[in-house]
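Trainee: Okay, structure incoming, though there's no sequence with it:
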Ligand SMILES: Nc1ncnc2c1ncn2[C@@H]1O[C@H](COP(=O)(O)OP(=O)(O)OP(=O)(O)O)[C@@H](O)[C@H]1O
Ligand SMILES: [Mg+2]
C-alpha cells in the first residue's frame, strides 16, 4: 500500500555568512522515511538537533535544498495543497493564535484562504471543529486572553484540523501544560488521530509521552539521522550511544523528580 507520506533524501543547508562560521548547525543531512495513515512517528534529539527544522520543511515554512515529499505517492506541487494537507501545531499558542482576533476569526481564516465554503458553511465547520476538540460554540466569540493555556492549545488543534488535513505535525505541543491538562490533551490528540486516521509527527523532549504515543521514532543528532525504528526497539535496544544517552538522561530526570 502507498504510504501516506514519503520523504526521500530531504536535505537543507543554509548558506550563512555570519561571524559564527558556516551554517552554524542549521542543516539537515539527506533524510528519508515513510509514514502510514493512523501512524505516529516521534522525532527525538537534543536541543538544536534539527527537529523543528525538519517540521518546518515538512509543512513548507522552510524550503529544502533537495529531496522530495510525496503525499499518497503524489508530489505536492502547490503551496496551498501542502498547507491544507500537512498542518502544524506549534509549541506556543502565542505563535499560532493572534490575540487581536476572536477564535471564530482565527478558525475562519484558513477556510477563507483555502476553501470555497460560503459564510454559513464556514460557521458550521467552525462550530463542528470546536466541538471536535471539546470546546463550545460560544468559544468562537472569545479572544485568546480569555482562555486557559489548555483551552488555547485545543483551539490550536482545531485550527490545524479545520482544513481536514491528512498529516499533523506537532512541535512540543504540551510543553506549556500542567501534567493533568497535558494528559487530557495527549488523550484528545490520540483519539482524534484514531478517529480521523491522521498521520502524526510528534516532537518532544518528554520521552514518557514519546514512548506512550509513538509507533516509530527518528533520532536526530546535529541534523543527521542517528537511528530509526519501532518505539519498543529504540527504548529497549537503542543502537547508538547518543540514543542511549538521551534515554538515560530522561530516566535520571524522572527518578530525581519522583
Ligand atoms: N532561522 C535560523 N537561521 C539559522 N540557524 C537557525 C535558524 N533556526 C534555527 N537555527 C539553528 O539550527 C539548528 C537546529 O535548530 P532546530 O530549531 O531545528 O533544533 P531543535 O532540534 O528543534 O531544538 P530544540 O529542542 O531546542 O527545539 C540549531 O543549531 C539552531 O541554532
Ligand atoms: Mg525545536
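Mentor: Done, it's in. Everything quoted here is computed from the prediction, not taken from an experiment. Ligands and ions are numbered 1, 2, ... in the order given.

Trainee: can we go C-alpha only for contacts and neighbour counts from here?
Mentor: Noted.

Trainee: can you pull the contacts of residue 67?
Mentor: The neighbours of residue 67, taking CA atoms under 8 Å, 6 or more residues apart in numbering as the test, are 7-11, 30.

Trainee: Now the closest residue in space to it that isn't next to it in sequence: which helix or strand?
Mentor: Nearest residue to residue 67, sequence neighbours excluded (CA to CA, 6 or more residues apart in numbering): residue 10, at 4.0 Å. Residue 10 belongs to strand 5-13 when assigned by DSSP states H and E.

Trainee: Show me how far that strand is from its chain's centre.
Mentor: Strand 5-13 sits 16 Å away from the centroid of its parent chain (CA atoms, centre = their mean, to the nearest Å).

Trainee: Can you spell out which helices and strands pack onto that strand?
Mentor: If contacts are counted by 3 or more CA pairs under 8 Å, 6 or more residues apart in numbering; DSSP states H and E, strand 5-13 sits against strand 27-35, strand 66-71.

Trainee: buried sites along the shortest one?
Mentor: Taking 16 or more other CA atoms under 10 Å as the basis for neighbour counts, the residues of strand 66-71 that come out buried are 68-71.

Trainee: next SSE after the lowest-mean-pLDDT helix or strand in the chain?
Mentor: Least confident helix or strand of the chain, by mean pLDDT, DSSP states H and E, is helix 93-96 with a mean of 76. Remark: after helix 93-96, the chain's next helix or strand is helix 103-114, criterion DSSP H and E.

Trainee: Now find how far off-centre that following helix is within its chain.
Mentor: 20 Å.

Trainee: same deal with stretch 63-80?
Mentor: Offset of stretch 63-80 from its chain centre (CA atoms, centre = their mean): 17 Å.

Trainee: Is there any residue in that stretch that contacts ligand 1?
Mentor: No. On the criterion CA under 6 Å from any ligand atom, stretch 63-80 is out of touch with ligand 1, staying 11.8 Å away.

Trainee: and the end-to-end length of that stretch?
Mentor: By CA to CA, to the nearest Å, the extent of stretch 63-80 from end to end equals 14 Å.

Trainee: check contacts around residue 226.
Mentor: 218-220, 240, 242-243.
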